[in-house]
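Engineer: here you go, sequence then predicted model.
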Amino acid sequence: MAKKEITSYSLAEMKDKYIGKVGTAERDNYDYELRVDMLGRMIKTARQESILMQEQLGELVEVQKSQISKLESSANSAIIGTILKVF
């Protein structure tokens, strides 16, 4: 039985093939959502390391707990002003 050669691909090649090339609307949307997700995780990690509840962080930056929750869960309704207040 002949062995089948396995082809390997880089992450960039896989993104280009399955998401779209850099500069396309699909790829731009993917990259944006990935950044928003990473930002949400960073905010949550920083809050937890500071031993703060979402409500407490909200009070510190003068936004509602729901806005902190949206930021942490990567909800796209987060506005830049809220993000800047957290940092």
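Structural biologist: Structure's in. What do you need? Please read all numbers here as calculations on a predicted model, not as lab measurements. Residues are numbered from 1 along each chain as shown.

Engineer: my guess is R27 contacts K21. True?
Structural biologist: Yes: under the contact definition of C-beta atoms under 8 Å, R27 touches K21, with a separation of 6.2 Å. The C-beta positions use only the backbone N, C-alpha and C, and glycine is treated the same way.

Engineer: relative to the whole chain's centre, how far out is the longest helix seen in the chain?
Structural biologist: Using DSSP state H, we find that the single longest helix of the chain is helix 25-49. Computed by C-alpha atoms, centre = their mean, to the nearest Å, the chain-centroid distance of helix 25-49 equals 1 Å.

Engineer: 36 is where my numbering starts, stick with that
Structural biologist: Taking 36 as the first residue, the last one we looked at is helix 60-84.

Engineer: tell me the mean pLDDT for that helix?
Structural biologist: For helix 60-84, the mean per-residue pLDDT is 90.

Engineer: distance check, the spatially most central residue of the chain against R62.
Structural biologist: Averaging the C-alpha coordinates of the chain gives a centre point, and the residue nearest to it by C-alpha atoms, centre = their mean is D72 (1.3 Å). Going from D72 to R62 by C-beta to C-beta, to the nearest Å gives 16 Å.

Engineer: got it, and S45?
Structural biologist: Going from S45 to R62 by C-beta to C-beta gives 15 Å.

Engineer: comparing the two, which shows the higher neighbour count?
Structural biologist: Regarding S45 and R62, a neighbour count based on other C-beta atoms under 10 Å identifies R62 as having more, with 15 against 8.

Engineer: give me every residue that touches that one.
Structural biologist: R62 makes contacts with 50-51, 54-56, as judged by C-beta atoms under 8 Å, 6 or more residues apart in numbering.

Engineer: just S109 next, same as before
Structural biologist: Contacts for S109 were tallied using C-beta under 8 Å, 6+ apart; they are 68, 71-72, 74-75.
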